[in-house]
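In: what would the 3D arrangement of this be:
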Amino acid sequence: MRQAFLALASALVLAGAAQAQPSPGPQPLAPQPPIAPARDAAYPGVIQLDVDATDLDRRILKVRETIPVAAGAPVTLLFPKWLPGHHSPNGPLNDFAGLVVRAGGQVVPWRRDPVEVFAFHVDPPAGTTSLEVEFQFLSPTARDQGRIVMTPEMLNLQWNEVLLYPAGYFTRRIAIQPSVRLPAGWKFASALDGAARAGDEVRFARTDVATLVDSPIFAGRWFRQIDLDPKGRSPVRLNIVADSPEDLEASDAQVALHRAMVVQADRLFGARHYDHYDFLLALTDRMGGIGLEHHRSSENGTTPAYFTDWSKGAPSRDLLPHEYTHSWNGKFRRPADLWTPDYDAPMRNSLLWVYEGQTQYWGQVLAARSGLWTKQQALDALAATAALYGSRPGRSWRPVEDTTNDPIINARRPIPWVSWQRSEDYYSEGQLVWLDADTLIREKSGGRRSLDDFARAFFGMDDGSWTPLTYTFDDVVAALNKVQPYDWASFLRARIVDVAPKPPLDGLARAGWKLVFTDTPTAYWSDNEARRHAIDLSYSLGLAIGGGGAIDGVVWDSPAFEAGLTLGGKIVAVNETAFAPDRLKQAVKDATTAKAPIQLLVQTGDRYHTVAIDYHQGLRYPFLERIPGTPDRLSEILAPRK
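Out: Modelled structure (predicted):
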């Protein structure tokens, strides 16, 4: 009896414990159906892609695709998500509309993937061998919708915006036959091969999806093509579209400077990784601006007065050499963690300080070596960069390497405190790090070697090859050590990987120059302000002000910051008089001999308030000054190569 009682009691205790045990709770569902990962295998068949780009009034691109499929097998179609050169998942899916899929003339239902929303699942009927796909790309009709890519005068067709491709294959293994119908009479340029024109329809040679997406089109009513390398080993062309025919007028001297850029790039890299190269240049204030690299071309957009007001256009003249440099740095040599097999695989940006930072360095060096910039313009541009990153307070908490995540984090939306938050500083702070490296190599080698030697060895290998060659941090370090033995791993980690509160100006000093501030802006600074329709008082009040007095930026811990100003306000009056840019500058000058603070009437929404800025040190603009008795390595760097 006792044993039976104990057994019963034990059972009751265990039952009670089981009842008290909490439920395991919900479990995640696996994605259904799964999306096949890309594999290095040839896609069966050839996709036919036809784009109608003639609807200029409504700015709608109409797309028809014929996609071969295995008989009746399910297929997942992908809209490009992670875009090369953007380093982020910002494929413009919001402008994709009107998707209809047919098989044998019958409509086939599609389902958007609820997780990977760039993916569309299709179950074709048994025996289906191809799908007919139609949709539209509704390009922005106003700037607040996104970048304008169609105007009555020109078109920027990016193939990733008009393409669905099948999942499960490397994009370089998917064959495609593209064509486009252009507005009547328009001319065009693209790196795509084999263009055959019948009327206004252009059919290109069969290619692969990776090459297609890397080969956009600029087309326009007003078009000019300039040969930049008449006697070169492979064609290099400058293809220009413009808002008006007058904007196409480039002088012989201006053309010669662009040709010199090609020569100086050849002398720097010692190789070409293309069979032809096409600069696509839009001179416009109607279509959205752009600077985007491709292997055999680049998309570039700048002011209509690029040629016609040359004397004031220096701030935009490093655009072409920057994007051209990317053919070597970024397209041929590419960070291993940034290369992806398709446009659905996430990119990792940890080496953008090489990809973009060294490109920023060479882009400005080539601008000077070719004569697109005068030496003084190059010095003034570097002074502006040195001042910006010499006083970047965000350096105290955030390393350069972490800013390589900014394209994914922010995608270039405005932020309230850029000087504190940082934003893609791998570009120009990276440029200063590479100046540091260049001058260090020159110093330690007694002037026998330089970063030019690294560029030739690292980016100039495999002359004639178009196949991307990836690299890692260790590869960069090894290549630097072959040029000049040094602890380059520690050098780069201290400046890129670690938090580095010290301004990165060692290279400037080693180059024989120092950053100073004067009360008069350089011509380059003034031209940049005019181009942006802004005044930049970052190094005095800590303010950047746009059109109509709008506050475009406030430097963290600056006098303006301490006074409570922030992005989004509008300066209405200065010292009780209506705002004007020159009036504000004059108030800053006058405050050097006056004890009273500068009074600003500021509008924020429907609220007006007066702000007093107690600042008396006058206007301050960056300028480079020679350090007496030191080698002038910077002039050596900027001098053209013979």
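
In: residue contacts, the residue most central in space within the chain?
Out: Nearest to the geometric centre of the chain sits residue 86, at 5.3 Å (CA atoms, centre = their mean). Taking CB atoms under 8 Å, 6 or more residues apart in numbering as the criterion, residue 86 is in contact with 292, 407. All C-beta spots, glycine's among them, are computed from the backbone N, C-alpha and C.

In: from residue 378, how far off is it?
Out: Residue 86 sits 28 Å away from residue 378, going by CB to CB, to the nearest Å.

In: show me how far stretch 133-150 is from its chain's centre.
Out: A distance of 19 Å separates the centroid of the chain from that of stretch 133-150, by CA atoms, centre = their mean, to the nearest Å.

In: do stretch 570-586 as well
Out: Chain-centre distance of stretch 570-586: 35 Å, with CA atoms, centre = their mean.

In: could you pull out the buried residues of it?
Out: Neighbour-count burial for stretch 570-586, counted by 16 or more other CB atoms under 10 Å, picks out 570, 571, 573, 574, 575, 579, 581, 584, 585.

In: from those residues, which ones fall inside strands?
Out: Residues of the buried residues of stretch 570-586 located in strands (DSSP state E): 570, 571, 573, 574.

In: between those residues, which is closest to residue 519?
Out: Distance ranking of those against residue 519, using CB to CB, places residue 574 first at 17.9 Å.

In: about what we covered before: of all the ones in strands among the buried residues of stretch 570-586, which comes closest to residue 388?
Out: Lowest distance from residue 388 to those (CB to CB) belongs to residue 571, with 22.2 Å.

In: could you check how far that closest one is from residue 556?
Out: Counting by CB to CB - residue 571 and residue 556 are separated by 19 Å.

In: likewise for residue 462?
Out: 45 Å.

In: quick one: which of the two has more around it?
Out: More crowded of residue 462 and residue 556, by other CB atoms under 10 Å: residue 556, with 16 against 13.

In: OK, contacts around the more buried one?
Out: By CB under 8 Å, 6+ apart, the neighbours of residue 556 are 393, 394, 417, 419, 420.

In: kindly recompute the last result at 6 Å.
Out: The contact partners of residue 556, taken as CB atoms under 6 Å, 6 or more residues apart in numbering, are 393, 417, 419, 420.

In: repeat for residue 621
Out: Counting by CB under 6 Å, 6+ apart, residue 621 makes contact with 518, 521, 525.

In: three-state assignment of the last one?
Out: When the structure is reduced to helix, strand and coil (DSSP: H, G, I helix; E, B strand; the rest coil), residue 525 reads as helix.

In: for residue 383, see how far away it is.
Out: 8 Å.

In: of these two, who's got more company?
Out: Between residue 525 and residue 383, counting by other CB under 10 Å, residue 383 is the more crowded of the two (25 against 20).

In: what sits up against stretch 432-447?
Out: Stretch 432-447 is contacted from outside by 358, 361, 389, 449-451, 484, 495, 504, 506-507, 510-511, 633, using CB under 6 Å, 6+ apart.

In: no no, stretch 476-493
Out: Residues outside stretch 476-493 that contact it (CB under 6 Å, 6+ apart) are 354, 441, 444, 445, 449, 453, 454, 457, 458.

In: distance of residue 245 relative to residue 317?
Out: Relative to residue 317, residue 245 is positioned 22 Å away (CB to CB).

In: could you check which of the two has the larger neighbour count?
Out: Per other CB under 10 Å, whichever of residue 245 and residue 317 has more neighbours is residue 317, with 22 against 12.

In: can you tell me the SS state at residue 500?
Out: Of the three states, residue 500 takes coil under three-state DSSP.

In: neighbours around it, how many?
Out: Counted with other CB under 10 Å, residue 500 comes out at 18.

In: please apply the same query to residue 352.
Out: Residues near residue 352, counting by other CB under 10 Å, number 26.

In: leaving out the residues flanking it, which one is nearest to it?
Out: Excluding the flanking residues, the one nearest residue 352 by CB to CB, 6 or more residues apart in numbering is residue 404, at 4.2 Å.

In: what about that neighbour, neighbour count?
Out: 27.

In: list the contacts for residue 566?
Out: residue 554.

In: run the last query once more with 10 Å
Out: 416, 417, 551, 553, 554, 560, 602, 604 (CB atoms under 10 Å, 6 or more residues apart in numbering).

In: quick one: distance of stretch 91-103 to the chain centre.
Out: 25 Å.

In: mind listing what's buried along that stretch?
Out: For stretch 91-103, by 16+ other CB under 10 Å, it's 91, 92, 95, 96, 99, 101, 103.

In: output that stretch as CSV, restricted to C-alpha atoms.
Out: The C-alpha trace of stretch 91-103 is given here as CSV (Å, rounded to 0.1, in the frame of the first residue of the first chain):
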residue,chain,number,x,y,z
GLY,A,91,17.0,48.9,-56.8
PRO,A,92,14.0,51.2,-57.6
LEU,A,93,11.3,48.6,-57.1
ASN,A,94,8.8,51.3,-56.1
ASP,A,95,8.8,52.4,-59.8
PHE,A,96,8.1,48.8,-61.1
ALA,A,97,4.4,48.3,-62.1
GLY,A,98,2.0,46.5,-64.4
LEU,A,99,3.5,43.0,-64.3
VAL,A,100,1.7,40.5,-66.5
VAL,A,101,3.1,37.0,-67.2
ARG,A,102,1.8,34.8,-70.0
ALA,A,103,2.5,31.3,-71.3
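
In: what average pLDDT does that stretch get?
Out: For stretch 91-103, mean pLDDT is 98.

In: wait, residue 563 touches residue 551, no?
Out: No: the criterion here is CB atoms under 10 Å, and residue 563 misses it with residue 551 at 11.5 Å.

In: common neighbours of those two, please.
Out: Common neighbours of residue 563 and residue 551 (criterion: CB under 10 Å, 6+ apart): 543, 600, 602.
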